[in-house]
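Student: sharing a model that was predicted from the sequence below.
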Amino acid sequence: MAASASMSFTLIKPNSSSSSSASPKCRVLTLRCASQSQLAASGLAERPWKVSDARLVLEDGSVWKAKSFGASGTQLGEVVFNTSLTGYQEILTDPSYAGQFVLMTNPHIGNTGVNFDDVDTRAITRRLREDGSLIGVLSTEESKTDEELLEMSRSWDIVGIDLISGVSCKAPYEWVDKTNSEWDFNSTGGETFRIVAYDFGIKHNILRRLASYGCKITVVPSTWPASETLKMKPDGVLFSNGPGDPSAVPYAVETVKEILGKVPVFGICMGHQLLGQALGGKTFKMKFGHHGGNHPVCNLRTGHVEISAQNHNYAVDPASLPEGVEVTHVNLNDGSCAGLAYPAKNIMSLQYHPEASPGPHDSDYGK
Ligand SMILES: NC(=O)CC[C@H](N)C(=O)O
């Protein structure tokens, strides 16, 4: 689903003037440093892909000059940074990043660290840490002026947009693949539960982990009616991860509401945010969210700390939840809600990724 481009960066003085607009079309892009001399020395400049000048223009008026290879054109999106040390392939193919650019911060991926030829892309991360996630336009089109690109970045917002409909499957299907045995560490033999999994941009490893635990899984589109799901008489329903603003998909919240209390349900990330709303709570946008494989979470039921993989810009406001809903997990970096349960209705959910691949695997408890 994702286009990607690798770029070297040189920061020039912020430019704050503006002029035209364009329709938003967003893809996940990764920003990676390599100097032109390195590219030339390695022969990359002669490879089939085109190396071209590129610019990342942020809505704050800053213009970041770059060299790109692997993709060309102009893309608009929200720039977020990810602190994971490994797994950038999985990050770039995670549908939850639809509408966003991913800026890797690990020196081995996102930048070259000590390199006097290039400005370190961690400078962009610092900017995002100050101001929060920013909309940006990444372009290799020389015909577009900085002002035009700036205007594009200022005339689009990721808030309020339904991004899950663009990444969900279009028809139901059965999922059978398990975690490859060389990577498996917790699994059960035999069939356990029949699950309907709502695909809001579901990650394959969620499905693999469930299959390894013996679940028989039917994946359904985001618009699949609750009544059809209930007719399938599943033992449980999973609401998956997915991109974008959870308050911009009221139809999905309605589906969740219709299912709650009738069968046990579990939500991951977007699924957790939809459950929070279906229970009467509200979500809010965080400053720059949580994106990385190193987030400490406290499981309040056990007192144990789990290191978790996270990828979200929104969170459920615990103060907005009705009585009876229990906050089961808390992010120890900022105290935000990382898990919910409502035992009276057999509901549980996590804001983070217990199935993370690559790990950490602290939250894959096994049986
Ligand atoms: N990984 C996800 O499901 C992301 C959830 C939601 N799109 C957010 O950014 O908060």
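Tutor: Cool, got the structure.

Student: any stretches of the stretch 151-300 of the chain with poor pLDDT?
Tutor: Residues of the stretch 151-300 of the chain meeting the criterion pLDDT under 70: 189.

Student: try 90 this time
Tutor: Along the stretch 151-300 of the chain, the model assigns pLDDT under 90 to residues 180-192.

Student: which bits of it sit near the ligand?
Tutor: Residues of the stretch 151-300 of the chain found near the ligand (Cβ under 6 Å from any ligand atom) are 241-244, 246, 269-270. Quick note: C-beta positions are derived from backbone N, CA and C, even for glycine.

Student: check contacts around the residue nearest to residue 363 when sequence neighbours are not counted.
Tutor: Nearest residue to residue 363, sequence neighbours excluded (Cβ to Cβ, 6 or more residues apart in numbering): residue 354, at 3.7 Å. Each residue near residue 354 by Cβ atoms under 8 Å, 6 or more residues apart in numbering is listed here: 209, 268, 308, 363-365.

Student: tell me the one of the residues you listed nearest the ligand?
Tutor: Proximity of these to the ligand (Cβ to the nearest ligand atom) peaks at residue 268, which lies at 6.9 Å.

Student: beta partners of the closest one?
Tutor: Counting by DSSP bridges, residue 268 forms beta bridges with residue 350.

Student: just to check, it is in contact with residue 353?
Tutor: Yes - counting by Cβ atoms under 8 Å, residue 268 touches residue 353, with 6.6 Å between them.

Student: between the two, what contacts are shared?
Tutor: residue 241.

Student: list the buried residues of stretch 168-186.
Tutor: Residues of stretch 168-186 classed as buried by neighbour count (16 or more other Cβ atoms under 10 Å): 168, 172, 175, 178-179.

Student: can you give me the end-to-end span of that stretch?
Tutor: 28 Å (Cα to Cα, to the nearest Å).

Student: quick check: phi and psi at the closest residue to residue 185 other than its chain neighbours.
Tutor: Nearest residue to residue 185 in three dimensions, chain neighbours excluded: residue 361, at 6.8 Å (Cβ to Cβ, 6+ apart). Backbone torsions of residue 361, given as degrees, to the nearest 10, read phi -110, psi 20.

Student: per-residue confidence for residue 361?
Tutor: Predicted confidence (pLDDT) at residue 361: the value is 89.
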